[in-house]
Structures are given as structure tokens and as C-alpha cells.
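Colleague: Just need the structure, nothing else, for what follows:
(2 chains)
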Protein chains: 2
Amino acid sequence: MGVKGEETRARLVAGTRELIEAQGYFGTGLNRIVAATGAPRGSLYFHFPGGKDQLVAAALTEAGQEVEALLSAPAAEGADTAALTELLVEAFAERLVKSDYSSGCPIATVALETAGTNEALRAVCAEVYGGWQRVLAGRLEAEGFGPAEADTAAGQVLALLEGAVLLASVRRSREPLDHARHAVRHLLGKHDA
Amino acid sequence: MGVKGEETRARLVAGTRELIEAQGYFGTGLNRIVAATGAPRGSLYFHFPGGKDQLVAAALTEAGQEVEALLSAPAAEGADTAALTELLVEAFAERLVKSDYSSGCPIATVALETAGTNEALRAVCAEVYGGWQRVLAGRLEAEGFGPAEADTAAGQVLALLEGAVLLASVRRSREPLDHARHAVRHLLGKHDA
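Modeller: Have a look, this model is predicted:
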């Protein structure tokens, strides 16, 4: 694929990410994606012969990888899991405020919409969340948690974060995220800083 | 309104609840609601002159009140907040399993879809979550928490529950909910039963 092809593909994925974050899977039609990205319809089908679902899957995977990268970034090295979780909370809070509370977790809306209606996309969302949980669990193991205990705690932290992002979006306030940060420290047995 | 009118209205709200829980706000058109409930289109506009958004608001409010009633039911009296939360976790888990994981929290999908796109429905969702949080906070105050501390803890518990329901739907497993139950006890300073 040439540079131009790569650019068009990237533009399609970026536009889809923005649209599904703001209005979900069902609210995002291919016409909107074409209009928002300015990509020719032919190039959409060239890069994504599977159409909307393939494009949405690519958008979810890319967004998921960004969060995984954040959790593995140099800034995260040396940080304990509680501090690492705070990085994630802060990243979500910034996204929310910057988007006027329309973009929280890049996965959650589509995850809920497709859980009972679209097995392929449900599986993509499950894989993304599974990846985040594994990174967190790996950190907890390195801090001395047993494997099962680490997995459970990582799942609890993830649930708390996802719920807090949801409540923060709905309330148009970052307060639920700030409170979640304290709860994460409590759950992981750390004192508040 | 006659008995028949009441029945038609209730049927419309129940059908809308089912549809928005399974496929969200954007995935639920008025045509689907009419087809699923068998209600004449004229009666839809008679009962809900505001159309789809008024119907969805009524569905969200009704679902929210059911959860509030559960939290205030005789079975909940005498239970401490941790035990009360377990009732709610169990209710969500049963809904999930019974619906083959298509219906979790009756508010969350629409809440995320509308947070950035539909101010009236966002406000309805915020009001429903606020009501649940107030009931939980009231219980915590009765157990000796100060008002601010009770509100914060209730918000943390609610975030944990909502996130766990989301992860349970996506994974098609009630495990995140079972783990959340333990985390709630930990957050509220109770030992596991």
C-alpha cells in the first residue's frame, strides 16, 4: 500500500473512532463516515471489504492498543499499579473534558450496544478489555499478588474505572473519576497519597 | 385514560425498554417499537406526543424506579448497605443470564449513547443514577457514615457495579459481578461473608 493509501486508511479509522465514541455503533452509518473523513467510498471498500463492522473493529482495536501503550509507557515504568491506574484515570478524565464529555472510554458504548447483537464486535471489545486487564494483572503479580488474586483485583479496578467513566460522562463531571482513583488505592491496599 | 389506554401505554413502554436494553437508543427506531408492541402508530403519538425521546425517557424512568424500589423493598430492610448492594448485583446478574447477556443495566447503554448527543435524555439518565446513589448514601448515613463520605462511597459502589455489569455483558460471564460484590464489601470496610 502506498503512503497515500496508508493515509486514507488511517483517516478512515480515526474518523470512525471519533464517530463511534460520540454516538455509538448504531448511530454511526457509513455515509457519516464517508462525509466526516472525506474519503472516497471506493477507498473505504478497498481498505475495508468487510464494510462498517471491519472498520469499527479496526477503530476499537487501535483505541485499545493506545490505552495498552499508555499502561506500558516509560512514564508508567517504576510506577506501582495504583499509580498506573491514576495515569489511566487522568487520561480518561482529560479525554472527557476535552470532548465536552462526549468521549469517555473508547470501547464502552460499542461494547454495550453490541454485547447482545453483534458477536464479532462483542468479541473485539472483550479482547481489548482482556488486554488491559492482563497488563494490570501482570503489574500486580510483579508487586507480589498471586496470579488468581492479581487477575481478580485487575478486573475489579477495571470495573471501577469503566463505571466511573460512565458516571462522569452522564453527570458531565470528573468527580466520579476522582473518587474512583481513591477507591482503587483502597482496593489495592494502598494509602491515599 | 381508560383501562385499554393504560394497557397500550404500558405495552409501549415495556416494548421500548426491551429494545433499548438490547440495542440501545440509536438502534431502536419507532418502526421497531410499533412492530414489536403491536400498538397502533396513532396511539403511540397519542400517549407520547414527543415521539421516540419521550417514550425512551418514560422507559428509562420506569426501569430506574424498579431498581430504586428493589433497594427500598422489605427484603432490603435490615440489610446493611453491603448486603443491599449484593441484592442489586444479583438482580443484574439474573437479568444478564436470563437475557443471554443482552440486558444488563437498563440505563447504561442509552446513558453512554446520549451523554454527548442528547441533553434531555442525558439528564434523565443522570437523574436515575442520582436516585440510586441517594438511596445507597442514605443507607450508609444510617450506618454512621458522614454525609459527604456516604455520598462518595455510594458513588464508588455504583461505579463498581456499572463497570462490572458492562464487563459481564461483554464477556458473557457473571464473574465480574461476583468479583465486584467482594470489592464492594472491601470498599465499605466489611469482611467477606
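Colleague: okay, CA-based contacts and neighbour counts for the rest of this
Modeller: Fine.
Colleague: Report the buried residues of the one helix or strand in chain A whose mean pLDDT sits lowest.
Modeller: The weakest-scoring helix or strand in chain A, judged by mean pLDDT, DSSP states H and E, is helix A:81-98 (a mean of 89). By neighbour count, with 16 or more other Cα atoms under 10 Å in any protein chain shown as the criterion, the buried positions of helix A:81-98 are A:81-90, A:92-97.
Colleague: now for chain A, which residue lies nearest the mean position of the chain?
Modeller: Centre of chain A computed as the mean C-alpha position; nearest residue by Cα atoms, centre = their mean is A:Pro106, 4.0 Å away.
Colleague: Three-state assignment for it, please.
Modeller: The three-state assignment at A:Pro106 reads coil, by DSSP: H, G, I helix; E, B strand; the rest coil.
Colleague: isn't A:Ala159 right up against B:Leu161?
Modeller: Yes. The pair A:Ala159 and B:Leu161 qualifies as a contact (Cα atoms under 8 Å) at a distance of 7.4 Å.
Colleague: and for the two, which residues touch both?
Modeller: Common contact partners of A:Ala159 and B:Leu161 (Cα atoms under 8 Å, 6 or more residues apart in numbering or on different chains): B:Ala180.
Colleague: of those two, who's got more company?
Modeller: When neighbours are counted by other Cα atoms under 10 Å in any protein chain shown, A:Ala159 and B:Leu161 differ, and B:Leu161 comes out ahead with 30 against 27.
Colleague: Let me know whether the least confident helix or strand of chain A sits next to chain B.
Modeller: No. Helix A:81-98 stays out of contact with chain B when judged by Cα under 8 Å from any Cα of the partner chain, the minimum separation being 9.9 Å.
Colleague: what residues does that helix touch?
Modeller: Counting by Cα under 8 Å, 6+ apart, helix A:81-98 makes contact with A:67, A:70-71, A:76, A:101-105, A:136, A:139-140, A:161, A:165, A:169, A:174, A:177-178, A:181, A:184-185, A:188, A:190, all of which sit outside it.
Colleague: ok, now stretch A:180-193?
Modeller: Here stretch A:180-193 has contacts from A:82, A:85-86, A:89, A:153, A:157, A:160-161, A:164, B:156, B:159, B:183, B:186-187, using Cα under 8 Å, 6+ apart.
Colleague: likewise stretch A:25-32?
Modeller: Contacting residues not belonging to stretch A:25-32 are listed as A:Thr16, A:Leu19, A:Ile20, A:Lys52, A:Val56, A:Thr109, A:Val110, A:Glu113, A:Thr114, B:Gly24, B:Phe26, B:Gly27 [Cα under 8 Å, 6+ apart].
Colleague: helix or strand for the third one, which one?
Modeller: Right, A:Ile20. helix A:3-23 (DSSP states H and E).
Colleague: And the helix or strand following that helix, how far out from the chain middle?
Modeller: Scanning forward in sequence from helix A:3-23, with DSSP H and E defining helices and strands, the next element found is helix A:30-37. From the chain centre to the centre of helix A:30-37 is a distance of 22 Å (Cα atoms, centre = their mean, to the nearest Å).
Colleague: buried ones in whichever helix or strand comes after helix A:30-37?
Modeller: Next helix or strand after helix A:30-37 toward the C-terminus (DSSP H and E): helix A:41-47. If you call a residue buried by 16+ other Cα under 10 Å, then helix A:41-47 has these buried ones: A:Leu44, A:His47.
Colleague: and helix A:41-47, what does it pack onto?
Modeller: The criterion is 3 or more Cα pairs under 8 Å, 6 or more residues apart in numbering or on different chains; DSSP states H and E, and the helices and strands that helix A:41-47 contacts are helix A:3-23.
Colleague: So for the helix it packs on, mean pLDDT?
Modeller: Along helix A:3-23, the predicted local confidence has a mean pLDDT of 91.
Colleague: Equivalent analysis for stretch A:35-42, please.
Modeller: Here the mean pLDDT over stretch A:35-42 is 92, rounded to a whole number.
Colleague: For that stretch, measure first residue to last.
Modeller: Across stretch A:35-42, the straight-line distance between its terminal residues is 13 Å, by Cα to Cα, to the nearest Å.
Colleague: Would you pull up how far that stretch lies from the middle of the chain?
Modeller: For stretch A:35-42, the distance between its averaged C-alpha position and the chain's averaged C-alpha position is 25 Å (Cα atoms, centre = their mean).
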